[in-house]
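Novice: give the three-dimensional model of this entry:
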Amino acid sequence: MENLQDIANKMVSKGKGILAADESTPTCTSRFESIGVESTFETRNEYRDMLMGADGLNEYISGVIMFDETLRQSTTCNDKTPFPEYLSSRGIFPGIKVDTGAKDLAGFKNEKVTEGLDGLGERLSDYYKMGARFAKWRAVITIGDTIPSDACIYSNAHALTRYAALCQENNLVPIVEPEVLMNGSHSIETCYEVSQRTLNVVFEQLLMHHVDLSGIVLKPNMIISGLDCNEQADVEKVAELTFKCLKDNVPSDVPGIAFLSGGQSSDLATAHLNKMNEKYMDDMPWNLTFSYGRALQEDALKTWCGSNREGAQKALMLRAHSNSLATKGMATDLINS
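Specialist: As a prediction, the model looks like this:
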């Protein structure tokens with residue numbers, strides 16, 4: 001049996017990243033509506049089977065994060081292999097989203113705290129038996145005129161930490177995801193300051209609760225301008241400030257950092273990752289890779305439209321290949337073409 005450190009290192013190995021396919025049923029339904037496809041148990045199964053069945057996916061993808069429904073689904077071919085078993089047979093780690101969503105933080109207007117700790121130990125034990133080898137929990141930090149508050153940051157960091165400790169207790173690698181949202185008109189400097197505050201508290205809590213940092217994967221936001229900011233930072237600036245923030249705040253014990261795309265366009269998410277690895281790879285104590293959802297799936301979803309499996313898989317593989325190159329700082333020619 002592989003230990004947590006081995007799995008965490010393989011999840012973030014150079015040239016590979018993580019496919020986030022953990023959309024909830026409402027989110028999946030919304031995306032299917034955008035392409036005119038009815039969202040049913042069967043169509044969601046067919047779509048996920050298309051993603052996971054792409055030929056050569058294991059060359060670029062180390063793990064797939066799934067929703068509870070997906071973990072219980074199977075391939076659509078005659079043998080009906082459960083997805084965790086199918087992924088494992090291809091050398092891809094099956095993962096599971098375990099939080100139950102961000103809810104209003106009582107007493108703090110416009111701030112959220114992620115829930116899902118009740119009964120989590122038992123759920124993690126069951127997920128491990130079903131074949132999962134890592135899990136994911138997302139905390140949401142919003143930037144506004146007077147937020148985030150310390151209470152919001154500490155509440156989310158504490159929940160992330162309790163989740164991470166329970167994961168390791170149940171032999172699952174925790175993906176720790178403290179996301180500072182892009183929404184807002186804030187500057188890139190404000191994003192840096194809030195992200196730094198958040199990471200400091202997260203690692204303070206992780207260490208306090210004896211979480212083994214060598215057996216986690218960090219999934220943070222990049223340091224970018226707010227979506228509505230009049231001055232959008234260029235790729236060079238994003239790479240510079242993101243690397244500085246991580247270098248100053250993420251312990252070297254962490255094996256790797258797998259960025260979320262967080263509403264960036266597919267092209268920008270790749271360009272930012274590529275620039276960081278191109279410029280700073282020799283100074284990194286950890287690997288920098290991707291854990292993208294929409295930035296990997298968007299082209300595939302639009303191509304699929306309920307039936308074009310082969311075309312959708314080609315679109316997915318093109319994005320996966322581009323981001324694989326970006327983990328080595330070698331995607332410049334593709335980005336500029």
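Novice: kindly check the end-to-end length of stretch 49-69 for me.
Specialist: Length of stretch 49-69, first residue to last, CA to CA, to the nearest Å: 13 Å.
Novice: who are the packing partners of the helix or strand hosting Ala239?
Specialist: Element membership for Ala239, per DSSP states H and E: helix 235-249. Under the contact criterion of 3 or more CB pairs under 8 Å, 6 or more residues apart in numbering; DSSP states H and E, helix 235-249 touches helix 188-208, helix 266-280. C-betas here are computed from N, CA, C, even on glycine.
Novice: who does the last one touch, helix- and strand-wise?
Specialist: In other words, helix 266-280. helix 235-249, strand 256-259, strand 287-292, helix 294-304, helix 309-326, helix 332-336.
Novice: who wins for proximity to Asp104 among the ones you listed?
Specialist: With CB to CB as the criterion, Asp104 lies closest to helix 294-304 of those, at 24.8 Å.
Novice: quick one: mean pLDDT for the closest one?
Specialist: Averaging pLDDT along helix 294-304 gives 97.
Novice: next: stretch 14-27.
Specialist: If you average the pLDDT over stretch 14-27, you get 96.
Novice: ok, now which ones touch Ser74?
Specialist: Asn45, Lys80, Thr81, Pro82, Phe83, Tyr86 (CB atoms under 8 Å, 6 or more residues apart in numbering).
Novice: most tightly packed of the helices and strands packed on helix 266-280?
Specialist: strand 287-292 (a mean of 26; mean count of other CB atoms under 10 Å).
Novice: now it and helix 266-280, what's the angle there?
Specialist: 170 degrees (axes from the mean of the first three to the mean of the last three CA atoms, to 10 degrees).
Novice: how close does Ala295 get to Leu105?
Specialist: 28 Å (CB to CB, to the nearest Å).
Novice: pLDDT-wise, which helix or strand of this protein ranks last?
Specialist: The weakest-scoring helix or strand in the chain, judged by mean pLDDT, DSSP states H and E, is helix 332-336 (a mean of 71).
Novice: which outside residues touch stretch 183-192?
Specialist: Contacts for stretch 183-192 (CB under 8 Å, 6+ apart): 142-144, 180, 221, 223-231, 233, 237-238, 241, 244-245, 263.
Novice: one more: stretch 154-170?
Specialist: Contacts of stretch 154-170 (CB under 8 Å, 6+ apart): 4, 98-99, 105, 112-117, 120-121, 124-125, 128, 134-135, 137, 139-141, 173-174, 176-178, 198, 201-202, 204-206, 208-212, 215-216.
Novice: could you dump the helices and strands packed on helix 266-280 to CSV with distance to Met66?
Specialist: Below are the helices and strands packed on helix 266-280 laid out as CSV (distance: least, CB to CB, whole Å):
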stretch, distance to Met66
helix 235-249, 27
strand 256-259, 16
strand 287-292, 13
helix 294-304, 13
helix 309-326, 16
helix 332-336, 28
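Novice: check those for me: which has the lowest mean pLDDT.
Specialist: Note on those: lowest mean pLDDT is at helix 332-336, with a mean of 71.
Novice: would you map the helices across the stretch 1-150 of the chain?
Specialist: 4-11, 25-34, 41-52, 68-71, 83-89, 120-129, 150-169 (DSSP state H, counting those that start in this stretch).
Novice: those helices: which one's closest to Ala320?
Specialist: helix 41-52 (10.1 Å).
Novice: centre of the chain to that closest one, how far?
Specialist: Distance of helix 41-52 from its chain centroid, counting by CA atoms, centre = their mean, to the nearest Å, is 20 Å.
Novice: with stretch 201-215 instead?
Specialist: The answer for stretch 201-215 is 19 Å, by CA atoms, centre = their mean.
Novice: over to stretch 79-92?
Specialist: For stretch 79-92, the distance to the chain centre is 21 Å (CA atoms, centre = their mean).
Novice: for stretch 105-123, same thing?
Specialist: For stretch 105-123, the distance to the chain centre is 19 Å (CA atoms, centre = their mean).
Novice: quick one: end-to-end distance for it.
Specialist: Stretch 105-123: ends 24 Å apart by CA to CA.
Novice: please report the distance of Phe108 from Ile141.
Specialist: Distance from Phe108 to Ile141, by CB to CB: 12 Å.
Novice: could you do Ile18 as well?
Specialist: According to CB to CB, Ile18 stands 21 Å off from Ile141.
Novice: Ala312 now?
Specialist: Distance from Ala312 to Ile141, by CB to CB: 33 Å.
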